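# structure for this input, please:
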Amino acid sequence: MAVASDTYGTVARLEHRIGDLVASRTFTSGTNPKLAGVEQILDDVADELNAIMKAVGYTVPVSASDDPEAYNLLMKANVAGAGAIILNIFPTVAVSLDDPDPLANRIGGLQHEYNKVIDLIKEHLFPATRATGRLARMVSGSRLDKNLSVKSPIFTRANSDFPSSRSLTTKDS
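Numbering: from 1, shown residues only. Coordinates of the predicted model:
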């Protein structure tokens, strides 16, 4: 098995980050985790990244030739997310019980790198090609908050109102 064509990370980059888990620093069919499992985790994380990007309106998969900056960020996030998942298999290797700071341990650091890219995507600050036009992007982006929940409109207008009248909406308590 090999990583899918829409997966951004590579096994070699993952070995560079967390290869110390295995004696040879290379994942194979005889290591724990096995190479096939590592490739599957990379694919799963890439699928999650692509699903979030697609939900927000980005064109997926991101191409290295069209959007090199976005592709490199996705590669970093793909490897960091997969690394955090794999390190969770060996929690005693990655956790420092003396320091409660999530960035003080390897899992927390990798998860933080992954979450930074997810936040960029959700906040529409990701430098990738959008699937919709400029006007549609502005309208759809303004309807969703950071958590992809639909925001309530600030102004409303009843059918009987004339075109220039507006009233502020009130939140139910």
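
# can you list contacts of the lengthiest helix in the chain?
Scanning the chain for the helix with the most residues, using DSSP state H, yields helix 35-56. Residues from elsewhere that reach helix 35-56 (Cβ atoms under 8 Å, 6 or more residues apart in numbering): 1-4, 6-11, 14, 27-29, 33, 60-62, 74, 77-79, 81-82, 85-86, 114, 117-118, 121-122, 124, 126, 128, 131, 144, 148. All C-beta atoms are positioned from the backbone trio N, CA, C, and that covers glycine.

# switch the cut-off to 6 Å
1, 3-4, 7-9, 11, 27-29, 60-61, 74, 78, 81-82, 85, 121 (Cβ atoms under 6 Å, 6 or more residues apart in numbering).

# can you turn the buried part of those into a ChimeraX selection?
This is the ChimeraX syntax for the buried subset of the contacts of helix 35-56, where burial follows 16 or more other Cβ atoms under 10 Å:
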select :3,7,8,9,11,27,60,61,74,78,81,82,85,121
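
# circling back: right, and the helix or strand after the longest helix of the chain?
helix 68-87 (DSSP states H and E).

# for that next one, which positions count as buried?
70-71, 73-87.

# next one: stretch 14-22
14-15, 17-19, 21-22.

# could you do stretch 36-52 as well?
Of the residues in stretch 36-52, 37-46, 49-50, 52 count as buried by neighbour count, 16+ other Cβ under 10 Å.

# where in this protein is pLDDT low?
The model of the chain has pLDDT under 70 over residues 1, 91-104, 131-146, 148, 153-173.

# what's the helix or strand for Arg13?
Residue-wise, Arg13 maps onto helix 11-18 under DSSP H and E.

# tell me what that helix is packed against?
helix 68-87 (3 or more Cβ pairs under 6 Å, 6 or more residues apart in numbering; DSSP states H and E).
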